[in-house]
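Visitor: Build the 3D model from these lines:
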Amino acid sequence: MGERTGGGRASGGARLWPVGERPAVVRPWSPPATSYGPGHRGVDLSAPIDAPVRSVAVGRVSFAGEVAGRGVVSVELSGTGDPPLRTTYEPVTATVEKGDHVAPGDPLGYLQLPTGHCPRSSPSCLHWGLLRGTTYLDPLSLLDPSLLHRDPARLLPVWGPGRDWAAADAGYGGRGSH
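Guide: Predicted coordinates:
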């Protein structure tokens, strides 16, 4: 059939990002309304050139090579049904070969020079995709939800976090006078 897109989600549980500790998502997944319509069939994660790119789950490398002048690595994820989920990573200089088995955190390669795909806000990024057959899914759905949420913002006193409240209160004219 050709390329299709879908709104389905994978079962999230990966405990690490494919690049960096907590990379910024500089371009989110945006599934097209039709098979050949405009959209973004993955997410772009901010990362420096030569950053190590790693597998997020157990699987087998199904492709490691160039597509349209960009290095691409694809990994079929083990135990994810038929057809299996497949992650894609680009642009990557592969350090793995087709058929290699990988575990979470195993290196797949290094981020190549930018290809013009990344938004201006991040001159270098990893495009990370997820498919089941020909249906594109949101790759962030692979991650454990705790990785997707940053700690809540905390408000600190104007004078900083290390100041003594009693001393600060005394500086405003003593107890209860303000």
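Visitor: can we go C-alpha only for contacts and neighbour counts from here?
Guide: Will do.
Visitor: Quantify the burial of residue 35 by counting its neighbouring residues.
Guide: 15 (other Cα atoms under 10 Å).
Visitor: Which of the helices or strands spans it?
Guide: Assigned by DSSP states H and E, residue 35 belongs to no helix or strand.
Visitor: any idea how far it is from residue 60?
Guide: 27 Å (Cα to Cα, to the nearest Å).
Visitor: got it, and residue 75?
Guide: For residue 75 relative to residue 60 (Cα to Cα), the value is 5 Å.
Visitor: likewise residue 103?
Guide: Noted for residue 103: a distance of 9 Å to residue 60, by Cα to Cα.
Visitor: higher neighbour count, these two?
Guide: Using other Cα under 10 Å as the criterion, residue 103 and residue 60 rank with residue 60 on top: 20 against 15.
Visitor: Provide a list of residues in contact with that one.
Guide: Listed by Cα atoms under 8 Å, 6 or more residues apart in numbering, the contact set of residue 60 reads 75, 76, 77, 78, 98, 99, 100, 101, 102.
Visitor: Now the third one: closest residue in space that isn't a chain neighbour?
Guide: Translated: residue 77. Spatial nearest neighbour of residue 77, excluding adjacent residues (Cα to Cα, 6 or more residues apart in numbering): residue 59 at 4.2 Å.
Visitor: For that neighbour, grab the count of nearby residues.
Guide: Neighbours of residue 59 (other Cα under 10 Å): 24.
Visitor: thinking it is in contact with residue 75, fair?
Guide: Yes - using Cα atoms under 8 Å as the test, residue 59 is close enough to residue 75 to be in contact (6.0 Å).
Visitor: Among the contacts of residue 60, name the buried ones.
Guide: 75, 76, 77, 78, 101, 102 (16 or more other Cα atoms under 10 Å).
Visitor: Just the ones of those in strands?
Guide: By the criterion of DSSP state E, membership of those in strands covers 75, 76, 77, 101, 102.
Visitor: Pick the one among those residues closest to residue 145.
Guide: Of all these, residue 77 has the smallest distance to residue 145: 18.9 Å, by Cα to Cα.
Visitor: so where do the helices sit in the protein?
Guide: Applying DSSP state H to the chain gives helices spanning 145-148, 165-170.
Visitor: follow-up on the earlier one: dump the ones in strands among the buried ones among the contacts of residue 60 to TSV, plus pLDDT.
Guide: Putting these into TSV (pLDDT from 0 to 100) gives the following:
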residue	pLDDT
75	98
76	97
77	97
101	98
102	97
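Visitor: Done for today, thanks.
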